[in-house]
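Novice: 3D, please:
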Amino acid sequence: MNIPELFARGGVAMWPLLFLSILALGTIIERIWFWSRILTREREVAGRVIEAARRDWQAASDIAARSTGLPMGRFLSSALRLVRPDPEVFRLALEISANEEIATMSKGDKVLEAVIALSPLLGLLGTVLGLINSLGSIQISDLGSGDATTGTSLGISEALISTAAGLIIAIISLAFYRLFQGFVFGQAKVFRQSGSELELLYRQAWASQSFPTPPAADPEAEKTSP
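Specialist: Take a look at the predicted model:
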């Protein structure tokens with residue numbers, strides 16, 4: 001029995017299950033593409049920015065600004081682009097940016113959660129409807145005959161197709177959901193570590209007032225300005 005035949009015998013519940021499977025597959029592919037771009041580069045960007053901050057805050061800010069295509073770059077740049085902020089403001093900027101980036105990393109989780117919850121229920125619904133249809137077609141006069149037993153067994157086996165399909169979709173979605181959750185937790189740990197190191201360096205620089213001097217204004221530009 002091929003897939004089209006299984007789908008046809010699974011009953012009406014196979015159509016919403018097909019929609020959920022396409023939705024889950026699209027979300028999984030999008031998340032795999034997202035994580036494949038950033039997992040190997042986040043620690044590198046954080047290390048470069050923090051190492052530069054030990055020597056030159058302007059250089060650290062430039063490195064972070066050039067890496068804003070990555071969550072880590074946007075996270076560090078959110079605080080480094082401020083002009084000599086108070087240390088508490090610096091910390092607050094990091095916290096707000098971290099929350100925004102982690103929320104972006106968790107994109108798609110709600111979709112997978114819905115698929116995981118709905119797929120088994122839809123599969124069970126399809127099974128119940130299939131059993132109702134199978135048992136309802138049995139005539140009282142056919143009870144005890146071989147034809148009735150064969151027909152009932154076939155109807156039950158077809159009714160269970162939707163349950164199996166729902167469980168398969170839920171299991172696959174759950175596996176990728178847990179994988180993506182692990183990535184998010186790992187990145188949150190990297191964010192906390194990098195943000196704490198950068199904040200510590202900034203507080204030390206703030207205490208010693210070792211900040212770069214802003215570039216002097218161009219006198220000619222001031223004369224020509226309205």
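
Novice: can you pull out the strands in this structure?
Specialist: In the chain, no strands are defined using DSSP state E.

Novice: roughly how far apart are Trp15 and Leu70?
Specialist: As judged by CB to CB, to the nearest Å, Trp15 and Leu70 stand 40 Å apart. To be clear about C-beta, it is placed using only N, CA and C from the backbone, and glycine gets the same treatment.

Novice: name the residue closest to the centre of the chain, please.
Specialist: Nearest residue to the geometric centre of the chain (CA atoms, centre = their mean): Ser106, 3.6 Å.

Novice: Trp15 and Leu70: which has the busier surroundings?
Specialist: Shown here are Trp15 and Leu70; by other CB atoms under 10 Å, Leu70 has more neighbours (18 against 13).

Novice: give me the pLDDT for the more buried one.
Specialist: Note for Leu70: predicted pLDDT of 92.

Novice: dump the residue contacts of it.
Specialist: 37-38, 41-42, 45 (CB atoms under 8 Å, 6 or more residues apart in numbering).

Novice: between those, which sits nearest Val190?
Specialist: Nearest to Val190 among the contacts of Leu70: Glu42, at 5.9 Å, using CB to CB.

Novice: show me which helix runs longest in the protein.
Specialist: The residue-count maximum for a helix in the chain (DSSP state H) belongs to helix 146-208.

Novice: separation between Gln209 and Arg203?
Specialist: 12 Å.

Novice: okay, those two: which has more neighbours?
Specialist: Arg203 (14 against 7).

Novice: from Ser78, how far off is the more buried one?
Specialist: Taken as CB to CB, the span from Arg203 to Ser78 is 17 Å.

Novice: what's the answer for Thr68, then?
Specialist: Counting by CB to CB, the gap from Thr68 to Ser78 is 9 Å.

Novice: so which of the two has more stuff around it?
Specialist: Neighbour totals were compared for Thr68 and Ser78, and Ser78 leads with 21 against 15 (other CB under 10 Å).

Novice: surely the more buried one and Ser97 touch.
Specialist: Yes. Counting by CB atoms under 8 Å, Ser97 is a contact partner of Ser78 at 3.7 Å.

Novice: what's the separation between Phe180 and Arg74?
Specialist: According to CB to CB, Phe180 and Arg74 sit 20 Å apart.

Novice: give me the more crowded residue out of the two.
Specialist: Neighbours per residue (other CB under 10 Å) separate Phe180 from Arg74, with Phe180 holding more: 22 against 18.

Novice: apart from its neighbours in sequence, what residue is nearest the more buried one?
Specialist: Nearest residue to Phe180 in three dimensions, chain neighbours excluded: Arg31, at 5.4 Å (CB to CB, 6 or more residues apart in numbering).
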